[in-house]
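Visitor: With the sequence up front, the predicted model follows.
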Amino acid sequence: MRLTLHQLRLLLAVTREGSVSRAAQRLHLTQPTLSTQLRQLSEQVGLPLFERVGRRLHLTPAGEVVVASATRLEQELELLDETLAELRGDIGGRLRLAVVSTAETFIPRLLGDFRRERPAVEVSLVVLNRDAVLRRLADNLDDLYIMSRPPVTPPVIATPFLANPLVVIAAADHPLASRSTVALSALADEEFVLREPGSGTRQAAEAFFASHDLSLRPRLELGSNEAVRQAVAGGLGLSLLSAHALAHAAEEGIAVLSVEDTPVITHWQVVHPSGKRLTPLADAFLRFLQARAPELNRAAQARLAAARH
């Protein structure tokens, strides 16, 4: 059996796009041409690689095995390219990142700064909720993943690089906003606007309240920090959000409450599968994040101070 790199890349494209027609468009091929190539690949393997259920293509067990091997081969070739480029003194390459939605408040700016140092670098950035980022991690689709709560499985290497303080916020005219300190017991009867189940922020909020024998009373569940802030500013409830998501809290009519035992300190972490070797470019970006962390911590503290006055 002789499979070519070209065939394997076509297979990966179809798998990632979820359809032959979309993959053909992305690859600038006609659909019949791509279908023929896939059929030939299946014949060489000796087993079907896809099965159609309704309108969707699904990998067969043989297809999953071939895709897994093709993915590893693709990554090894990319690592080889970047390692050789590093030895030649080149500073290009492609960096693929997947980050949870709260990290969109600072990661794009950092990527811009990183690219100014390395103009030849190409960047692919995907911003999703935590569950979707974890699916990409399980499929090993990116170089690095940024989140505050790494998974237990699959095994990963998680490197903390930045504090992620979570604070209780309320509308600026909420009665608790005028208090210099707020006891946790004062929140027992308050309704909360929370991120969606599965969100790292939601999980941290639930764990914090449970550790103090308090129950959260969700009034709304929303899928973005922007929506949560607007709901809080509109008086629909309190919330627990990352200080990094509060750049314009005062202007939005939001106050940070001085609740006992807060901020809840979590950390942003750079995550990758434990068996995966980082490319030189991914390693360089990790070191860049660690170098910029003190500046970002100071900015987060300044936002908290401004929102409390």
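Guide: Yes, it's here.

Visitor: Quick one: mean pLDDT over whichever strand or helix holds F288.
Guide: Assigned by DSSP states H and E, F288 falls within helix 280-307. For helix 280-307, the mean per-residue pLDDT is 81.

Visitor: That one: how far from the chain's middle?
Guide: When distances are taken as CA atoms, centre = their mean, to the nearest Å, helix 280-307 is centred 16 Å away from the chain's centroid.

Visitor: which parts of that helix are buried?
Guide: Along helix 280-307, these residues count as buried under the neighbour rule (16 or more other CB atoms under 10 Å): 280-282, 284-286, 288-289, 292-293, 296-297, 300, 303-304, 307. For glycine as for every other residue, the C-beta is placed from the backbone atoms N, C-alpha and C.

Visitor: by contact count, what packs against that helix?
Guide: Judged by 3 or more CB pairs under 8 Å, 6 or more residues apart in numbering; DSSP states H and E, helix 280-307 is in contact with helix 61-88, strand 93-100, helix 107-117, strand 144-147, strand 156-171, strand 254-256, strand 264-273.

Visitor: For the residue nearest to the spatial centre of the chain, list each beta-bridge partner.
Guide: Compute the mean C-alpha point of the chain, and by CA atoms, centre = their mean the closest residue is V99, 2.0 Å away. Beta-bridge pairing for V99 (DSSP bridges): V127, I146.

Visitor: which residues touch it?
Guide: The neighbours of V99, taking CB atoms under 8 Å, 6 or more residues apart in numbering as the test, are I107, L125, V126, V127, L128, V133, Y145, I146, M147.

Visitor: Same check on G235?
Guide: Contacts for G235 (CB under 8 Å, 6+ apart) come out as A171, D173, H174.

Visitor: can you check L57 too?
Guide: Counting by CB under 8 Å, 6+ apart, L57 has contacts V14, G18, S19, V20, F50, E51.

Visitor: Which of the three states applies to it?
Guide: Classification of L57 using DSSP: H, G, I helix; E, B strand; the rest coil returns strand.

Visitor: quick one: it and F106, what's the gap?
Guide: As defined by CB to CB, to the nearest Å, L57 lies at a distance of 37 Å from F106.

Visitor: Repeat that for L59.
Guide: Counting by CB to CB, the gap from L59 to F106 is 36 Å.

Visitor: And these two? Which one has more around it.
Guide: Neighbours per residue (other CB atoms under 10 Å) separate L59 from F106, with F106 holding more: 22 against 18.

Visitor: ok, now which ones touch the closest residue to that one other than its chain neighbours?
Guide: Sequence neighbours aside, H244 is the residue nearest to F106 in space, at 5.7 Å (criterion: CB to CB, 6 or more residues apart in numbering). By CB under 8 Å, 6+ apart, H244 lies in contact with T102, A103, T105, F106, N164, L296, A300, R303.

Visitor: got the domain boundaries for the protein?
Guide: Domain segmentation of the chain under automatic domain parsing yields 5-68, 91-161+268-303, 163-266.
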